[in-house]
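Engineer: Return atomic coordinates for the entry below.
(chains A and B)
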Amino acid sequence: MVLRVNGLNEKWNLKSVLGITDMETVKLDFDMTPFRTVRYWAFRTMKWFKLKGFIILKSSKNNYHVIFDKKVSWKENMHIVAWVCLLSQHKALTKWFLMQCIKEGSTLRVSAKKEKPQPRLVYRFGSENNQIAEFLAYRKIVKSIITKLQRQKELCTPTIKTQT
Amino acid sequence: MAKKIAVYGSYEAKVHVRQRYWKKRIDGVKQRYWIKTKRTKTIEQSGRYEFYGKGKDLYKATVKAHRFMPKGFVTVSAEKFLENPERYGFEGEWIEREVES
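Structural biologist: Here you go, the predicted model:
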């Protein structure tokens, strides 16, 4: 016997992707790269450009995001990413870099995408007081928005309870 | 500028079909014009919102962005978007398709 049917008239979908965009944080998106290589490039970049510290987020298997702590200008940001692209000869990173240049702001995903889960923090090194702290605070806001949206979605999907 | 929340992906929306027509001007030159017809067609394309502003506005704007699909690549304050969402997007539905960040 059907006891309760909730919110049949509302329709929700979370098929869009949520991310964080800014110009002052150096970010790198390493797709199809093992963790050791990502860590190597993160260390090398941090030392060469004196970026104070970095964190590595795992977005899915062999896909990682790197965020550095030092605040830089957009010009300097792109200078650093281009340097990494040139030296690492990483095709996916170069493609990502070109896309960021076109839209004049670097974006990294926060929400889940298709079968990929939300990126999670797997490695941290050095200072985390500037851009990393800001990024993590903003990530918290976005995550709370996602949680609220998912809760709304759950409330809006029809829940049919049957009596046994 | 501070950090922005990006809402992006592919979507399906119904848009009015535009029709081309020609009109002869007084000086003899044939000028091309476009009119928006009542006919609609379903389009599938990708778009992106970039919202900035306060936390509460950002949440409300993100919720609204699930109904209003962006007209291309839109960077707008969450507050302004909430005041007039039709200006920045049209009604449609997000679809699951591979998108790059």
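Engineer: so where does the residue nearest to B:Lys60 when sequence neighbours are not counted fall, helix or strand?
Structural biologist: Distances taken as Cβ to Cβ, 6 or more residues apart in numbering or on different chains put B:Leu82 closest to B:Lys60, at 5.6 Å, once the chain neighbours are dropped. Glycine gets a C-beta too; all of them are placed from N, C-alpha and C. Using DSSP states H and E, B:Leu82 sits in helix B:78-83.
Engineer: For the helix or strand following that helix, output the C-alpha coordinates as CSV.
Structural biologist: The helix or strand immediately downstream of helix B:78-83 is helix B:85-88, counting by DSSP H and E. Extracted in CSV, the C-alpha atoms of helix B:85-88 (Å, rounded to 0.1, in the frame of the first residue of the first chain):
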residue,chain,number,x,y,z
PRO,B,85,17.9,35.3,-14.6
GLU,B,86,16.1,35.6,-18.0
ARG,B,87,18.7,38.1,-19.1
TYR,B,88,21.6,35.7,-18.7
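Engineer: Tell me the helix or strand right after helix B:85-88.
Structural biologist: Following helix B:85-88 in sequence, per DSSP H and E, is strand B:89-95.
Engineer: near chain A, anything from that following strand?
Structural biologist: Yes: part of strand B:89-95 sits near chain A under the criterion Cβ under 8 Å from any Cβ of the partner chain, namely B:Glu93, B:Trp94, B:Ile95.
Engineer: what's across from the second one in the sheet?
Structural biologist: With DSSP bridges applied, the residues forming beta bridges to B:Trp94 are B:Tyr11.
Engineer: Quick one: mean pLDDT over the helix holding B:Leu82.
Structural biologist: For helix B:78-83, the mean per-residue pLDDT is 94.
Engineer: what comes into contact with that helix?
Structural biologist: B:Tyr49, B:Phe51, B:Tyr52, B:Gly53, B:Lys54, B:Asp57, B:Leu58, B:Lys60, B:Ala61, B:Lys64, B:Ala65, B:Tyr88 (Cβ atoms under 8 Å, 6 or more residues apart in numbering or on different chains).
Engineer: ok, which residues in chain B are in contact with chain A?
Structural biologist: So chain B meets chain A at B:1-9, B:11, B:48, B:50, B:55, B:58-59, B:62-63, B:65-66, B:73, B:93-96, B:98-101 (Cβ under 8 Å from any Cβ).
Engineer: List buried members of these by neighbour count.
Structural biologist: B:3-9, B:11, B:48, B:50, B:58-59, B:62, B:65-66, B:94, B:99, B:101 (16 or more other Cβ atoms under 10 Å in any protein chain shown).
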